[in-house]
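model this:
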Amino acid sequence: MFDKMKQLMDMQRKAKDMKRDLENSIIDVEKLGGKIKMSFTGDNVLKSINIESELLIEDKKTILENAIRECINEASAKIKALMLDKMKQNMGGLNLPGMGF
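Sure thing, here's the model as predicted:
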């Protein structure tokens with residue numbers, strides 16, 4: 001029973017460490033040859049967005065909207081992969097059922 005308690009406490013500590021690591025990780029994505037750049041934290045917070053002024057004209061509206069959507073989707077996929085990797089590193093040895101580690 002104490003082994004299970006120790007495992008649970010270890011898992012809680014690792015989860016806190018993983019959360020801190022994700023908050024401190026930066027995911028950068030860019031589209032349209034670098035004309036749109038976004039930075040996200042590993043816990044999915046948009047930190048910055050930079051759009052070159054040439055895209056801020058009315059006839060480029062659809063291009064801009066699509067590129068922003070693609071940046072956000074790409075960042076989201078990278079963040080999910082980063083989270084999964086952190087979970088495998090931090091909790092893989094715990095043999096939790098259903099976690100796939």
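
only C-alpha atoms for contact and neighbour calcs from this point on.
Fine.

Quick one: low-confidence residue ranges for this protein.
The chain contains residues with pLDDT under 70 at 92-101.

Helices of that one, residue ranges please.
Secondary structure of the chain by DSSP state H: the helices cover 2-24, 61-91.

So what pairs up with Thr41 in the strands?
Beta-bridge pairing of Thr41 under DSSP bridges involves Ile26.

Got phi/psi on Ile57?
Main-chain torsions, Ile57, degrees, to the nearest 10: phi -120, psi 150.

contacting residues for Asp85?
Going by CA atoms under 8 Å, 6 or more residues apart in numbering, Asp85 touches no other residue.

can you list the helices of the chain in a markdown table and add distance to Val45?
Listed next are the helices of the chain as a markdown table, based on distance: least, CA to CA, whole Å:
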| stretch | distance to Val45 |
| --- | --- |
| helix 2-24 | 9 |
| helix 61-91 | 10 |
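
Go through the ones you listed and pick out the most buried.
Burial of those is given as mean neighbour count (mean count of other CA atoms under 10 Å); helix 61-91 ranks first at a mean of 16.

what about the residue lying closest to Ser39 once chain neighbours are set aside, distance to Phe40?
Nearest non-adjacent residue to Ser39, counting by CA to CA, 6 or more residues apart in numbering: Asp28, 4.5 Å away. Distance of Asp28 to Phe40, given as CA to CA, to the nearest Å: 6 Å.

neighbour-wise, which of those two wins?
Set side by side, Asp28 and Phe40 show more neighbours around Phe40, with 22 against 17, by other CA atoms under 10 Å.

ok, that one - contacts?
Counted by CA under 8 Å, 6+ apart, Phe40 has contacts Ile26, Ile27, Asp28, Leu46, Lys47, Ser48, Ala75.

follow-up on the earlier one: which stretch among the helices of the chain comes nearest Glu54?
For the helices of the chain, the distance to Glu54 is smallest for helix 61-91, at 10.3 Å, taking CA to CA.

what distance separates that closest one from the centre of its chain?
Chain-centre distance of helix 61-91: 6 Å, with CA atoms, centre = their mean, to the nearest Å.

Give me the distance between stretch 53-70 and the centre of its chain.
Stretch 53-70 sits 24 Å away from the centroid of its parent chain (CA atoms, centre = their mean).
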